[in-house]
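This is a predicted model, with the sequence first.
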Amino acid sequence: MDPASLKFTKTHEWVAVEGDVATIGISDFAVHLLSDLVYADLPPIGKKITQGEPFGEVESVKAVSDLYAPVSGEVIGRNDALPDNLDLLTTSPFGGGWMVKVRLSNAGELSSLLSQTAYKAHCDAEKH
């Protein structure tokens, strides 16, 4: 996926929308911050997630970090290859490293997310 077409959260999740389905992952910035990922916990299909609330977690040798839902909806797909191949988050954070697919319950929530340009500015500010 082209990062320029994605929406981002300040907590480093991204979302790509096709129709009423959102694909969610974490940004390369987050992957580099966490480094040395050892575990990912993804929600089951059918779980309802709520924008801004944790829906899973990733663990690195440094810390456990919650994954926050960029949008609300029902999980309709999950990347079952990811927990056994966390390198996908490093090698393809905007492609093969996707985490879940969600059927949107409120497309209006997308307007509260950041563009790639705004997200980059947010990340640059976090570095200082």
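Good, I have the coordinates.

helix or strand for the residue nearest the centre of the chain, which one?
The structure's the chain has its C-alpha centroid closest to Gly25; by CA atoms, centre = their mean the separation is 2.7 Å. Remark: Gly25 resides in strand 21-26, with elements defined by DSSP states H and E.

In the sheet, which strands lie alongside that strand, parallel or antiparallel?
Under the criterion DSSP bridges, strand 21-26 sits next to strand 13-18 (antiparallel), strand 100-104 (antiparallel) in its sheet.

Which strands or helices does the helix or strand containing Thr117 pack on?
For Thr117, the enclosing helix or strand under DSSP H and E is helix 116-127. Contact analysis of helix 116-127 by 3 or more CB pairs under 8 Å, 6 or more residues apart in numbering; DSSP states H and E lists strand 7-8 as its packing neighbours. C-betas here are computed from N, CA, C, even on glycine.

Now do the strand it packs on, average pLDDT.
The average pLDDT within strand 7-8 is 96.

What helices and strands are in contact with it?
Applying 3+ CB pairs under 8 Å, 6+ apart, we find strand 7-8 packed against strand 13-18, helix 116-127.

residues in contact with it?
Contact with strand 7-8 is made by 14-17, 27, 70, 110, 113-116, 118-119, 122, as judged by CB atoms under 8 Å, 6 or more residues apart in numbering.

Mind giving me the ChimeraX command for buried ones among those residues?
The following ChimeraX command selects only the buried members of the contacts of strand 7-8, with burial defined by 16 or more other CB atoms under 10 Å:
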select :14,15,16,17,27,70,113,114,116,119
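
Quick one: low-confidence residue ranges for this protein.
Counting by pLDDT under 70, the ranges of the chain that qualify are 128.

start to end distance for stretch 66-83?
15 Å (CA to CA, to the nearest Å).
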